[in-house]
Every structure is written in C-alpha cells, then in structure tokens.
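> from the sequence below, what's the structure:
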Amino acid sequence: MSIPRRDPPSLLSLAISAAVHNVQHIHNLSSIPEQIVAELFRKTLAAGKLTEPILKVFMATGNPEVLLTVQSLDIQPIRYPVLPTNMQFSFVDSSSELQPVDRVQWKDDLVYAASH
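Predicted coordinates:
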C-alpha cells in the first residue's frame, strides 16, 4: 500500500493564504495583479474576514470580479448618519423639528433647552 504523492503548495498559494491570515493589515492592493486580487477576495470572503475597511481596500482596486461579487451578494457598506458638529440641537416642540439651543441643562435626567 503506497501513500499517494501530493505536490507541495505553490509559493503563490502560500502567499495568498498568508495574506488572508493578515488581511486586516493590508491597506493597498493597487500593485497586485487582478487575478491575485480576485483570488484573495474570494478566500477572504470564504474565511469570514471581510469587514468594512477590508471591503473598501478591495473596492478601491476596481477589480471587475470583486465589484461583480460585491454586487451579486448585495454587500453594502454601513452608512453612518452625519450629524452637525458645530451646533447643539434639541427637540423642543411637538413638531419634532430640530431647533438650535443656546444651552442645555441636565436636571433629574430631564433635558431643559433654552431656545434662540
């Protein structure tokens, strides 16, 4: 009884496996050939390591296979609302419109807002 002979993994296969293992540290794939980017994306997805920052890195390559896979799986980045940072706003009337306030006072877990 002989043991079936297996060829050792290729250097490319080992490099892609190492890249998948450390994908969270990759910030730019622009110098990587398209077929390797596509393989790296497939293996990253299969390993369950696709996060929003990693998705952005892959999307930035413009790789057609990556873009098609993202579209076909309906993968969408999380969109956080942009809130104003230079003014304080509070709901001060029953119409639920945002109104600017001069100051906010906390008293017994209630908010008192002084309107313009």
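> look up how far residue 75 lies from residue 55.
Separation of residue 55 from residue 75 (Cβ to Cβ, to the nearest Å): 7 Å. C-betas here are computed from N, CA, C, even on glycine.
> go ahead and name everything in contact with the lengthiest helix in the chain.
Secondary structure of the chain per DSSP state H: the longest helix is helix 34-46. Helix 34-46 is contacted by residues 12, 16-17, 19-20, 23, 29, 32, 50, 54, 58, 61, 63-66, 69 when judged by Cβ atoms under 8 Å, 6 or more residues apart in numbering.
> more crowded one of residue 55 and residue 75?
residue 55 (19 against 14; other Cβ atoms under 10 Å).
> hmm, that one is touching residue 73, no?
No: applying Cβ atoms under 8 Å, one finds residue 55 not in contact with residue 73, separated by 10.9 Å.
> re the thing from before, so which bits of the longest helix of the chain are buried?
Going by neighbour count (16 or more other Cβ atoms under 10 Å), the buried part of helix 34-46 is 37, 38, 39, 40, 41, 43, 44, 45.
> quick one, domains of this structure?
Using automatic domain parsing, the domain ranges for the chain come out as 11-72, 81-116.
> worst mean pLDDT among the ones you listed?
Per-stretch mean pLDDT for the domains of the chain is lowest at domain 81-116 (a mean of 53).
> any chance you could map the strands in this protein?
Ranges of strands within the chain are 89-91, 98-107, 110-115, based on DSSP state E.
> output stretch 31-46 in PDB with nothing but the alpha carbons.
Taking Å, rounded to 0.1, in the frame of the first residue of the first chain, the C-alpha atoms of stretch 31-46 are listed here in PDB:
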ATOM      1  CA  SER A  31       0.300  46.900  -7.200                       C
ATOM      2  CA  ILE A  32      -1.200  43.400  -7.100                       C
ATOM      3  CA  PRO A  33      -2.300  41.700 -10.400                       C
ATOM      4  CA  GLU A  34      -6.100  41.500 -10.900                       C
ATOM      5  CA  GLN A  35      -6.300  37.700 -10.800                       C
ATOM      6  CA  ILE A  36      -4.500  37.600  -7.500                       C
ATOM      7  CA  VAL A  37      -6.700  40.300  -6.000                       C
ATOM      8  CA  ALA A  38      -9.800  38.300  -7.100                       C
ATOM      9  CA  GLU A  39      -8.400  35.100  -5.500                       C
ATOM     10  CA  LEU A  40      -7.500  37.000  -2.300                       C
ATOM     11  CA  PHE A  41     -11.000  38.400  -2.200                       C
ATOM     12  CA  ARG A  42     -12.700  35.000  -2.700                       C
ATOM     13  CA  LYS A  43     -10.500  33.500   0.100                       C
ATOM     14  CA  THR A  44     -11.100  36.400   2.400                       C
ATOM     15  CA  LEU A  45     -14.800  36.100   1.900                       C
ATOM     16  CA  ALA A  46     -14.700  32.300   2.400                       C
END
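> kind regards, and thank you for your time.
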